[in-house]
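# next come a sequence and a model predicted from it.
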Amino acid sequence: MAFHPPGYDSDNYGQYRQYRGSTTREQNRENLDNIQSNRDGWLGRYNTHDTSSESPGGSQAALLSTKVKKEKWPHSPDFLASVLAFSLSLHSIWSLPISILQHGGLTFLLMYFFMLIILGGPVLILEMFLGQYSGLAPVRLFRHLCPILSGLGLTICVQAAIKLFLELGIMTWAGQSLFLVFSKQDISDGFFYRDVLNKENASLEELGTISGELSLILGIGSVLTFILVAAGTRSVGKVCMVLIPFMYMLLVSLTIRACIATGGIQGVTTLLSPSWNVMTDPTAWLEVTSQVVFSLQLGVGAITSFGSFNKFQQNIVRDAVVVLISHLVWVLLGVLLILSLLGISHNSQTINIGNLMTDPALISITGKGVWLAGITVLESALASISYGWLWAGLFFVFITLVCISSILGYLEILTGSIVNIRPGLIPYRPLVTFCILVVFFLLDLFMTTQGGIHVYHLVHTYISSWPALLIVLLTVLPAVLCHGTRNIMKDLADMSRVCLHHFVSSHLSTLYYTVIPLLTLASLCWSLHALSLDHLVDPLATFDMSLPAQWGMPLGWALSFLPLSPILFGGLVHLAFGARGVPRSTHLKRSLKPTDRYYRNEHLEIQAEATNKYANANISV
């Protein structure tokens with residue numbers, strides 16, 4: 001835990017950084033002892049309003065005011081359960097296996113595990129750290145960590161809103177599929193498009209009518225979600241503790257059933273055959289980088305939001321290790337499930353897996369995401385096994401539970417950001433959550449139309465994935481440049497109450513400084529390049545998914561600008577109007593330095609330790 005010396009002033013931040021770099025935790029304890037001898041001196045400055053010592057972050061008294069009580073996790077495992085449930089994404093189930101098939105099978109899977117350690121773990125720890133250290137939601141965190149990136153928090157909220165919009169749509173379709181499967185106990189060709197979506201000839205140009213059944217299921221799902229999150233941190237962790245074992249049990253059961261079915265093992269052994277030359281292909285490494293970010297759901301802001309509810313000293317290093325190991329098991333089971341189901345489809349002569357891995361039109365054959373689950377898996381694989389309707393029902397229960405675990409995180413970002421900006425709304429947090437769900441219920445009525453799948457295709461293709469890479473890049477850079485890797489290592493060790501070996505801290509610092517920024521930047525450029533070619537390849541054309549020729553692509557790229565606009569606009573507004581009478585040169589320097597508010601959580605922890613030690617000393621006397 002870094003110690004702020006007496007007389008600290010944010011305008012003299014360079015001296016403060018030098019002090020942090022030369023101060024050990026034992027010296028901090030000695031400083032605390034010295035403080036007790038003159039408690040009414042330095043510590044008194046935190047408890048009285050001295051306008052002469054005000055800084056851009058406000059007076060010390062205002063900064064350390066505890067009048068507004070923020071939410072905290074009731075117990076430490078609640079945080080771990082929430083982060084773990086959020087990291088178990090649908091992307092790992094229905095997108096990552098297809099990327100594995102496209103890029104060398106087992107080789108790509110091993111590359112994924114390697115990149116999970118090199119990139120996924122450090123970014124996961126950093127997102128936890130920023131939330132726990134500052135105690136701020138993402139919408140305010142980056143404003144105080146690096147003021148010129150004030151708009152990044154709004155970008156994260158926009159991205160969370162897009163993800164929430166898509167996940168509610170998926171949950172609605174999964175609920176309708178679950179109802180029809182159990183009511184009909186039969187799965188026929190065209191089940192997903194004809195019975196679930198009632199798609200007919202709908203398109204983006206003509207969305208068709210709203211389905212009453214889908215609207216009802218959407219309403220039921222929204223109400224159920226509100227019940228689960230109404231109590232905030234008191235309920236979210238408990239709900240996730242229940243969801244996680246159910247999701248794993250369903251995934252294990254489905255995987256075992258698929259593997260023992262005829263053709264299941266053949267699919268795994270055939271489709272996982274390694275192609276070692278892929279390791280020399282730079283694009284494969286860029287692809288695996290993006291897959292790690294998307295599968296762990298990094299760069300979305302939920303992990304930082306959950307971390308802001310931690311007490312200042314919480315072992316996030318241990319929590320990150322648990323999440324990574326659990327995610328590794330989740331990915332292995334998900335890959336086995338999908339590959340074995342593709343083997344079952346091969347056995348039923350629906351697809352041919354003999355040369356599937358080398359076929360450039362692989363996605364056109366198997367589909368990806370919703371199309372893989374709703375058409376290939378459901379109509380080709382599950383329909384061909386005994387009691388297929390029952391296993392299909394369990395599959396859609398599984399998808400629904402995974403959707404709920406992600407929706408809880410997206411809702412927390414939006415609700416937490418609003419109450420973080422307006423602390424007076426904390427008592428009305430359930431009402432804020434309810435209003436957000438009402439808004440998204442109305443928006444998701446587009447997904448209940450006959451052409452709702454086309455809306456999903458447009459939004460998912462152009463705006464739902466690649467911004468996460470940009471957010472990860474803009475999270476790592478200000479953390480490294482503003483907080484400093486040396487200070488991050490010290491604060492991480494003190495907050496987690498662990499002793500980081502020099503080998504670990506030095507390699508983490510190197511990863512944060514060079515490897516992670518370069519990998520994410522290169523992967524971001526590669527993802528945008530691949531996106532620019534999507535309309536030429538049109539991989540889902542065989543599933544009747546194509547954008548309108550005249551205005552589909554321009555609309556998609558216009559939507560792609562949506563996550564960028566808050567960052568650019570926020571930076572321009574800060575530079576143009578944020579000076580407030582301060583010389584322009586000073587304002588520019590402050591734009592790249594943390595404010596006092598960023599350190600408030602640490603100040604409160606130091607004050608609490610000093611106060612407790614002073615009280616204990618008086619009691620002993």
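Arrived safely. Numbering: from 1, shown residues only.
# what about residue 554, which SS state?
With DSSP: H, G, I helix; E, B strand; the rest coil as the basis, residue 554 sits in helix.
# which strands and helices sit next to the helix or strand containing residue 183?
Per DSSP states H and E: residue 183 is located in helix 152-184. Packing partners of helix 152-184 (3 or more CB pairs under 8 Å, 6 or more residues apart in numbering; DSSP states H and E): helix 138-145, helix 212-229, helix 388-421, helix 429-443, helix 452-463, helix 467-478, helix 564-577. In this view, the C-beta of every residue, glycine as well, is placed from N, C-alpha and C.
# can you count the residues close to residue 567?
By other CB atoms under 10 Å, 21 other residues sit near residue 567.
# so for stretch 493-507, what gets flagged as buried?
Of all the residues in stretch 493-507, those buried under the rule 16 or more other CB atoms under 10 Å are 493, 494, 495, 496, 505.
# farthest pair in those?
The distance between the two most remote of the buried residues of stretch 493-507 (CB to CB) is 14.0 Å, for 495 and 505.
# still on that earlier bit, quick one, which of the helices and strands packed on helix 152-184 is nearest to residue 596?
Among the helices and strands packed on helix 152-184, helix 138-145 comes nearest to residue 596, with 8.3 Å by CB to CB.
# all helices in the stretch 51-200 of the chain, in order from the N-terminus.
Remark: helices assigned in the stretch 51-200 of the chain by DSSP state H, counting those that start in this stretch are 60-63, 76-87, 91-94, 96-102, 106-115, 121-134, 138-145, 152-184.
# can you redo the helices and strands packed on helix 152-184 as JSON lines with distance to residue 484 and mean pLDDT?
Shown next, in JSON lines, are the helices and strands packed on helix 152-184 (distance: least, CB to CB, whole Å; pLDDT from 0 to 100):
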{"stretch": "helix 138-145", "distance to residue 484": "12", "mean pLDDT": "91"}
{"stretch": "helix 212-229", "distance to residue 484": "36", "mean pLDDT": "94"}
{"stretch": "helix 388-421", "distance to residue 484": "25", "mean pLDDT": "94"}
{"stretch": "helix 429-443", "distance to residue 484": "34", "mean pLDDT": "95"}
{"stretch": "helix 452-463", "distance to residue 484": "33", "mean pLDDT": "92"}
{"stretch": "helix 467-478", "distance to residue 484": "11", "mean pLDDT": "94"}
{"stretch": "helix 564-577", "distance to residue 484": "22", "mean pLDDT": "88"}
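# of all those helices, which one is nearest residue 200?
In terms of CB to CB, the element of the helices and strands packed on helix 152-184 nearest to residue 200 is helix 452-463, at 11.5 Å.
# can you give me the angle that closest one makes with helix 152-184?
Angle, helix 452-463 to helix 152-184, by axes from the mean of the first three to the mean of the last three CA atoms, to 10 degrees: 150 degrees.
# how far out from the middle of the chain is helix 452-463?
With CA atoms, centre = their mean, to the nearest Å as the basis, helix 452-463 stands 19 Å off its chain's centre.
# could you name the helices and strands sitting against it?
Where contact means 3+ CB pairs under 8 Å, 6+ apart, helix 452-463 is packed against helix 152-184, helix 552-560.
# weakest of these in terms of mean pLDDT?
Lowest mean pLDDT of the helices and strands packed on helix 452-463: helix 552-560, a mean of 86.
# alpha carbons of that one, in PDB - could you do that?
Output of helix 552-560 as PDB, limited to C-alpha atoms (Å, rounded to 0.1, in the frame of the first residue of the first chain):
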ATOM      1  CA  GLY A 552     -25.800  -2.300 -45.600                       C
ATOM      2  CA  MET A 553     -22.100  -1.900 -45.500                       C
ATOM      3  CA  PRO A 554     -22.200   1.900 -45.000                       C
ATOM      4  CA  LEU A 555     -24.600   1.500 -42.200                       C
ATOM      5  CA  GLY A 556     -22.400  -1.100 -40.500                       C
ATOM      6  CA  TRP A 557     -19.300   1.100 -40.700                       C
ATOM      7  CA  ALA A 558     -21.300   4.100 -39.400                       C
ATOM      8  CA  LEU A 559     -22.300   2.000 -36.400                       C
ATOM      9  CA  SER A 560     -18.600   1.100 -36.000                       C
END
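# which elements pack onto that helix?
For helix 552-560, the elements it packs on are helix 452-463, helix 534-537, judged by 3+ CB pairs under 8 Å, 6+ apart.
# tell me which residues are up against the shortest one.
Which is helix 534-537. Outside helix 534-537, the residues within contact range by CB atoms under 8 Å, 6 or more residues apart in numbering are 461, 547, 552, 553, 556.
# residues contacting the nearest residue to residue 294 once chain neighbours are set aside?
Residue nearest to residue 294 in three dimensions, not counting chain neighbours: residue 91, with 4.9 Å by CB to CB, 6 or more residues apart in numbering. Taking CB under 8 Å, 6+ apart as the criterion, residue 91 is in contact with 294, 295, 297.
# what lies in contact with the helix or strand where the first one lies?
Applying DSSP H and E as the criterion places residue 294 in helix 282-296. Defining contact as CB under 8 Å, 6+ apart, one finds that helix 282-296 is touched by 87, 89, 91-92, 95-96, 99, 103-104, 108, 111-112, 115-116, 119-120, 123-124, 278, 298-299, 327, 331, 465-466, 468-469, 472, 519-520, 522-523, 526-527.
# could you do stretch 496-506 as well?
Defining contact as CB under 8 Å, 6+ apart, one finds that stretch 496-506 is touched by 313, 314, 315, 316, 317, 318, 489, 492, 493, 508.
# quick check on these: which are buried?
Taking 16+ other CB under 10 Å as the criterion, what is buried in those is 314, 316, 317, 489, 492, 493, 508.
# tell me which two in these are the farthest apart.
Every pair of those checked by CB to CB; the farthest is 314 and 508, at 18.3 Å.
# count of residues packed around the residue nearest to residue 526 when sequence neighbours are not counted?
Take residue 526 and drop its neighbours on the chain: the residue closest to it by CB to CB, 6+ apart is residue 286, 4.2 Å away. Neighbourhood size, residue 286 [other CB under 10 Å]: 21.
# and for residue 612?
For residue 612, the count of nearby residues is 10 (other CB under 10 Å).
# host element of it?
helix 600-620.
# quick one: that helix to helix 121-134, angle?
Going by the same axes, to 10 degrees, helix 600-620 makes 60 degrees with helix 121-134.
# report the inter-axis angle for helix 600-620 versus helix 138-145.
On the basis of the same axes, to 10 degrees, helix 600-620 is oriented at 80 degrees to helix 138-145.
# okay but residue 132 is in contact with residue 306, surely?
No: if you go by CB atoms under 8 Å, residue 132 and residue 306 don't touch, sitting 9.3 Å apart.
# neighbour count winner among these two?
residue 306 (30 against 25).
# check the contact between residue 579 and residue 589; I expect there is one.
No: applying CB under 8 Å as the test, residue 579 and residue 589 come out as separate, 11.6 Å apart.
# point out where this structure drops to low pLDDT.
Scanning the chain for pLDDT under 70 picks out the ranges 1-69, 614, 616-621.
# turn the helices of the stretch 51-200 of the chain into TSV, columns for distance to residue 374.
Output for these, formatted as TSV (distance: least, CB to CB, whole Å):
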stretch	distance to residue 374
helix 60-63	52
helix 76-87	24
helix 91-94	10
helix 96-102	14
helix 106-115	25
helix 121-134	31
helix 138-145	32
helix 152-184	7
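# which one, of those, ends up nearest to residue 417?
Counting by CB to CB, residue 417 lies closest to helix 138-145 out of those; the figure is 3.7 Å.
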